[in-house]
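K.L.:
no sequence on this one, just coordinates:
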């Protein structure tokens with residue numbers, strides 16, 4: 001078992017799960033891809049999952065192009081995964097565009113959108129911006145008033161929001177899924193257990209634990225990124241998704 005460092009978000013669950021595999025899965029052949037795309041348009045969950053996991057190599061390939069952008073490698077993979085999920089949800093066979101081409105564009109757009117946000121941060125309200133003067137005439141900041149430095153405060157706010165999102169969506173899992181995810185990612189006491197250790201605790205096979213974990217991760221993934229009901233809703237989310 002391993003000690004867990006820091007908080008865990010839904011996106012991290014998905015990323016860690018992929019990283020624990022020996023390698024990304026091979027892309028689907030054209031026939032299987034078309035079959036899955038047709039099924040996704042009929043809201044088939046299994047087909048959706050197949051398209052996501054079998055296109056993670058594309059995410060990794062595109063993410064590598066931005067390794068010198070100042071964004072952490074794990075964050076790049078996370079952003080690319082979000083873009084891939086959006087691509088699977090919004091792609092239409094009737095568009096005439098190949099899915100791989102469309103997905104690559106969505107993956108890259110998600111990363112570029114984050115890069116644009118980074119460039120605009122100087123226009124945002126900063127936690128260390130002056131909001132007045134103290135008795136000695138020194139500048140007072142929001143962080144001063146709240147009793148912590150700017151970086152610490154921003155991290156606390158971000159962590160609190162992520163924890164709340166996780167808590168809301170975690171409730172959608174069944175009791176066994178909750179237990180497996182909590183043990184696997186150290187949600188109980190900061191200690192992460194292997195699938196084999198969890199299997200012994202629950203009295204089930206390691207392969208069954210693996211299936212429960214995968215199913216729970218995908219439930220959390222879909223809860224965080226529900227498929228848009230219309231093309232209009234997709235474009236609205238794309239323009240202001242977060």
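P.N.:
Received it, and whenever you're ready, just let me know what you need. All figures in this text were calculated on a predicted structure; none of them were measured in a lab.

K.L.:
quick one: the helices in this protein?
P.N.:
10-19, 30-40, 45-53, 56-64, 73-90, 99-119, 142-146, 150-170, 175-184, 195-202, 206-224, 231-239 (DSSP state H).

K.L.:
What is the neighbour count of the residue nearest to residue 184 when sequence neighbours are not counted?
P.N.:
In space, and not counting its chain neighbours, residue 184 is closest to residue 213: 5.8 Å by Cβ to Cβ, 6 or more residues apart in numbering. To be clear about C-beta, it is placed using only N, CA and C from the backbone, and glycine gets the same treatment. By other Cβ atoms under 10 Å, the residues close to residue 213 number 21.

K.L.:
Enumerate every residue touching residue 213.
P.N.:
17, 180-181, 184, 195 (Cβ atoms under 8 Å, 6 or more residues apart in numbering).

K.L.:
any idea which of the residues you listed is least confident?
P.N.:
The member of the contacts of residue 213 with the lowest pLDDT is residue 17, at 51.

K.L.:
any idea how far residue 25 is from residue 54?
P.N.:
According to Cβ to Cβ, to the nearest Å, residue 25 stands 5 Å off from residue 54.

K.L.:
Which residue of the two possesses the greater neighbour count?
P.N.:
With neighbours defined as other Cβ under 10 Å, residue 25 and residue 54 compare such that residue 54 has more, 18 against 13.

K.L.:
pretty sure the more buried one contacts residue 27?
P.N.:
Yes: if you go by Cβ atoms under 8 Å, residue 54 and residue 27 touch, sitting 5.6 Å apart.

K.L.:
Just the endpoints, please. Distance across stretch 43-63?
P.N.:
28 Å (Cα to Cα, to the nearest Å).

K.L.:
Mind listing what's buried along it?
P.N.:
Of the residues in stretch 43-63, 47-56, 58-60, 62-63 count as buried by neighbour count, 16 or more other Cβ atoms under 10 Å.

K.L.:
Greatest separation within the residues you listed: which pair is it?
P.N.:
47 and 63 (24.3 Å; Cβ to Cβ).

K.L.:
before we move on, back to that, which one (most neighbours) among the contacts of residue 213?
P.N.:
residue 180 (28 neighbours).

K.L.:
Make sure that residue is actually in contact with residue 212.
P.N.:
Yes: Residue 180 is in contact with residue 212 according to Cβ under 8 Å; the separation is 4.7 Å.

K.L.:
In contact with the residue nearest to residue 77 when sequence neighbours are not counted, which residues are there?
P.N.:
Leaving aside its sequence neighbours, residue 77 sits nearest to residue 63 (Cβ to Cβ, 6+ apart; 5.2 Å). With contact taken as Cβ under 8 Å, 6+ apart, residue 63 is in contact with 73, 76-77, 79-80, 107, 111.

K.L.:
By pLDDT, give me the weakest of those.
P.N.:
residue 73 (78).

K.L.:
so it makes contact with residue 60?
P.N.:
No: Residue 73 is beyond contact range of residue 60, at 9.9 Å (criterion: Cβ under 8 Å).

K.L.:
in this structure, which helix or strand is least confident?
P.N.:
strand 2-3 (a mean of 38; mean pLDDT, DSSP states H and E).

K.L.:
From residue 31, how far out is the residue nearest to residue 37 when sequence neighbours are not counted?
P.N.:
Once flanking residues are discounted, residue 37 sits nearest to residue 93: 5.5 Å by Cβ to Cβ, 6+ apart. Applying Cβ to Cβ, the value for residue 93 to residue 31 is 13 Å.
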